[in-house]
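Q: using only what follows, build the 3D model:
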Amino acid sequence: MRTSQQTTLRSAVSLSGIGVHSGNPVGITLHPREANDGIEFLRTGMPGGRDRLIKAHHSQVSATELCTVIGDRHTGAVATIEHLMSALRGLGIDNVLVEIDGPEMPILDGSSAPFVAAIDSVGIASCGAPRRFIKVLKPVRAEKGRAFAELRPYERGFRLDVEIDFESPVIGRSRKSLDLTPAVYRREIARARTFGMMRDVERYWKAGFALGASLENTVAVGDGGVVNPEGLRYPDEFVRHKLLDAVGDLALAGLPILGAYRSYCGGHGLNVAVLDALFADRTSYALVEGASARREPVLADLGAALGAAAYAPDL
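A: Model prediction:
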């Protein structure tokens, strides 16, 4: 399939599970959409039979503690969207309607692999319209203490460079970088699971988090090692999951990014903050289109272009 063309799903596909934080059952259906419709969440099953449509965009983010939340909890929100957004972004899918009957996405196995499998079961189709991109023109940065996230110009698509540094010797310090393509995403990122420290569980429960977490959907880290009997899927699964999260959060740019992302001890908050920094300065990016993505900017208003997941083209 030509990477310069927008894509969607060939047909609808459904999944169900529980929310990792709420512990409540939830079902979702991914629906195909037309070109330029982008990615939106249709929240159903709210009091009074109301539905709410929420654009998958950084301007709609309302919380970033332990997960990424879009929408408002009073009028309708969807939490823990990062794993699905990561799968859509990683596979280069631009236009999808995500129908969901609860306030939190299903955690499934803690990675984006089940979403990838669901997408593969129905296939990806071209929308017959040119894909548009956000090209980073100059560095932007967000910081919080020693942690930071930044975006810089890069001429070869979309590059990620993520470093973690945990006090726990089981996790420790590690770094991984790669140029993102669908093949790389499937091989290097999709199966990396979310993780947490056993000593933090009681604190999370008291704060209303991790109520649905288990060894079926989370890598549990104890003082002496990984608690899960099957161990890790990759020797460096922890940093790979941070890459997975970054892919999903940065998809909230609204259009695919052409640039390089770098983070140190980053997370959902810094990922969203660096997008805010990018769009706060109109001289830091340009809109470019399809096969000409390395050449001339598209003369279009950003607000009219919002909605497609990011994708690294084979330029």
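
Q: and residue 241, which of the three is it?
A: The three-state assignment at residue 241 reads helix, by DSSP: H, G, I helix; E, B strand; the rest coil.

Q: for the strand or helix carrying residue 163, buried residues please.
A: For residue 163, the element it lies in under DSSP states H and E is strand 158-165. For strand 158-165, a neighbour-count test (16 or more other CB atoms under 10 Å) marks 158, 159, 160, 161, 162, 163, 164 as buried. Glycine gets a C-beta too; all of them are placed from N, C-alpha and C.

Q: check stretch 41-54 too.
A: Applying 16+ other CB under 10 Å to stretch 41-54 flags 41, 42, 43, 44, 54 as buried.

Q: poorly predicted segments of the stretch 151-300 of the chain, please.
A: Scanning the stretch 151-300 of the chain for pLDDT under 70 picks out 291-300.

Q: tell me where it has helices.
A: Using DSSP state H, counting those that start in this stretch, the helices of the stretch 151-300 of the chain run over 182-184, 201-206, 237-250, 268-280.

Q: how close does residue 281 sit to residue 225?
A: 45 Å (CB to CB, to the nearest Å).

Q: next one: residue 147
A: Applying CB to CB, the value for residue 147 to residue 225 is 26 Å.

Q: between those two, point out the one with more neighbours.
A: When residue 147 and residue 225 are compared for neighbours, residue 147 comes out ahead with 16 against 11, by other CB atoms under 10 Å.

Q: which one is that one nearest to, not counting chain neighbours?
A: Of all residues not flanking residue 147 in the chain, residue 265 sits nearest, at 3.8 Å (CB to CB, 6 or more residues apart in numbering).

Q: from the buried residues of strand 158-165, which is closest to residue 175?
A: The shortest approach to residue 175 among the buried residues of strand 158-165 belongs to residue 163, at 4.0 Å (CB to CB).

Q: so that closest one touches residue 174, yeah?
A: Yes - the criterion here is CB atoms under 8 Å, and residue 163 meets it with residue 174 at 7.2 Å.

Q: so what's in contact with the two at the same time?
A: Shared contacts of residue 163 and residue 174, defined by CB atoms under 8 Å, 6 or more residues apart in numbering, are found at residue 239.

Q: export the helices of the stretch 151-300 of the chain to a markdown table and tack on mean neighbour count?
A: Shown next, in a markdown table, are these (neighbours: other CB atoms under 10 Å):
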| stretch | mean neighbour count |
| --- | --- |
| helix 182-184 | 15 |
| helix 201-206 | 12 |
| helix 237-250 | 26 |
| helix 268-280 | 21 |
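
Q: in this structure, which residue is most central in space?
A: residue 248 (1.0 Å; CA atoms, centre = their mean).

Q: pretty sure it contacts residue 80?
A: No - using CB under 8 Å as the test, residue 248 is too far from residue 80 to be in contact (9.9 Å).

Q: ok, residue 56 to residue 177 distance?
A: Taking CB to CB as the measure, residue 56 falls 25 Å from residue 177.

Q: who's more crowded, the two?
A: residue 56 (29 against 13).

Q: spatially nearest residue to the more buried one, not counting backbone neighbours?
A: Spatial nearest neighbour of residue 56, chain neighbours left out: residue 39 (4.1 Å); criterion: CB to CB, 6+ apart.
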